[in-house]
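Enquirer: Sequence first, predicted coordinates after that:
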Amino acid sequence: MNFVSSADGAAEIEGRSGTLGGPGDRQVFRVLRWLADVVLVGAGTARAEDYGPAVVPAERREIRVAAGLAPVPPVAVVSGSLEFDPTARLFGGEVRPLLLTRASAPPERVAALRAVAEVVTCGEDRVEPALVLAELAARGLGRVLCEGGPMLHAQLAGAGLLDELCLTVEPVLAGPGHLGIVAGAPWLAACPLELAHVLEEDGSLFLRYRVPREP
Ligand SMILES: NC(=O)c1ccc[n+]([C@@H]2O[C@H](COP(=O)([O-])OP(=O)(O)OC[C@H]3O[C@@H](n4cnc5c(N)ncnc54)[C@H](OP(=O)(O)O)[C@@H]3O)[C@@H](O)[C@H]2O)c1
């Protein structure tokens, strides 16, 4: 999971995360994408941030291919409603995106979007996070970079499916009234983290946490 946050824990300002992250965060964002098999994101984020396909420069494609990865990772979006415009930039790349949805998604939307994306059913009335990871793994997409948003993050971490959290903390206070990096129903217990890595540049902290596993 990769997030950027203000020092007071805001994950968005005016509904977007772009204004929070500086050059260092953008570099981390790109590099994590270049290391991933697939970029996973919730539909709320894909819409708010007008997601497009992942961009991988030629020299990075060579490194990826030499390491056994596809030249460009597909983007996979979790959505129950499938409220997407088939002409949106998300669907305009060289790699078809995946739409991870539920069996009860509106059939006319499924039909319209099948022309521009691979539509995968991962649950009956809701998308089940464990089925999402299983469907991605079945396609050889085992190294999953999730870019949020807070609702999808809370479901993956709450279900014990998170293994790492890369968190950029920017030197700014956003003030009250913002979304944090998790949203949705409360958990039964907190999820402990182990700090694995800290970098600093221009006052920004780049933290990498691991979720400890039972032996
Ligand atoms: N700071 C950061 O690094 C960062 C990163 C990401 C996002 N953000 C911010 O977070 C905000 C978006 O937050 P969010 O919590 O709404 O976004 P989200 O988690 O990206 O998306 C929520 C949407 O995902 C779909 N979804 C999630 N879980 C589902 C499930 N189990 N079953 C079916 N559908 C499911 C639903 O889409 P449908 O409505 O299509 O059914 C739901 O409305 C934006 O302001 C964005 O800028 C910040």
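Expert: It's in. Numbering: from 1, shown residues only.

Enquirer: Domain-wise, how is this structure divided?
Expert: As assigned by automatic domain parsing, the chain contains the domains 1-36+145-215, 38-142.

Enquirer: okay, those domains in TSV with mean neighbour count and mean pLDDT next?
Expert: All C-beta atoms are positioned from the backbone trio N, CA, C, and that covers glycine. Putting those into TSV (neighbours: other Cβ atoms under 10 Å; pLDDT from 0 to 100) gives the following:
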stretch	mean neighbour count	mean pLDDT
domain 1-36+145-215	16	96
domain 38-142	17	97
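
Enquirer: so Phe3 sits right up against His153, yeah?
Expert: Yes - the criterion here is Cβ atoms under 8 Å, and Phe3 meets it with His153 at 7.2 Å.

Enquirer: Need the overlap of contacts for the two.
Expert: Jointly contacting Phe3 and His153 under the rule Cβ atoms under 8 Å, 6 or more residues apart in numbering are Ile181.

Enquirer: now the strands for the protein?
Expert: Counting by DSSP state E, the segments of the chain that form strands are 2-6, 38-42, 75-78, 98-101, 118-121, 144-146, 164-170, 194-201, 204-210.

Enquirer: and the angle for the longest one with strand 164-170?
Expert: Relative orientation of strand 194-201 versus strand 164-170 (axes from the mean of the first three to the mean of the last three Cα atoms, to 10 degrees): 40 degrees.

Enquirer: Output the contacting helices and strands for strand 194-201.
Expert: The elements that strand 194-201 packs onto, with contact taken as 3 or more Cβ pairs under 8 Å, 6 or more residues apart in numbering; DSSP states H and E, are strand 204-210.

Enquirer: which parts of the chain sit against the ligand?
Expert: Within the chain, the positions lying close to the ligand (Cβ under 6 Å from any ligand atom) are 3-5, 11-12, 15-17, 20, 41-45, 48-49, 78-81, 83, 102, 126-127, 147-152, 155, 179, 183.

Enquirer: Counting residues, which helix of the chain comes out longest?
Expert: Across the chain, the helix with the greatest residue count (assigned by DSSP state H) is helix 23-35.

Enquirer: pretty sure Gln155 contacts Leu131?
Expert: No - checked against Cβ under 8 Å, the pair Gln155 and Leu131 is beyond contact range at 11.6 Å.

Enquirer: before we move on, the earlier item: from the chain's centre, how far out does the longest helix of the chain sit?
Expert: 13 Å (Cα atoms, centre = their mean, to the nearest Å).

Enquirer: do stretch 21-33 as well
Expert: The chain centre lies 14 Å from the centre of stretch 21-33; the measure is Cα atoms, centre = their mean.

Enquirer: Over to stretch 104-114?
Expert: 23 Å.

Enquirer: got it, and stretch 185-194?
Expert: Relative to its chain's centre, stretch 185-194 lies at 19 Å (Cα atoms, centre = their mean).

Enquirer: can you tell me which residues contact Leu179?
Expert: Contacts for Leu179 (Cβ under 8 Å, 6+ apart) come out as Ala10, Ala11, Glu12, Gly149, Pro150.

Enquirer: what sits against Ala46?
Expert: Ala46 makes contact with Val75, Val77, Ser79, Phe84, Leu90, according to Cβ under 8 Å, 6+ apart.
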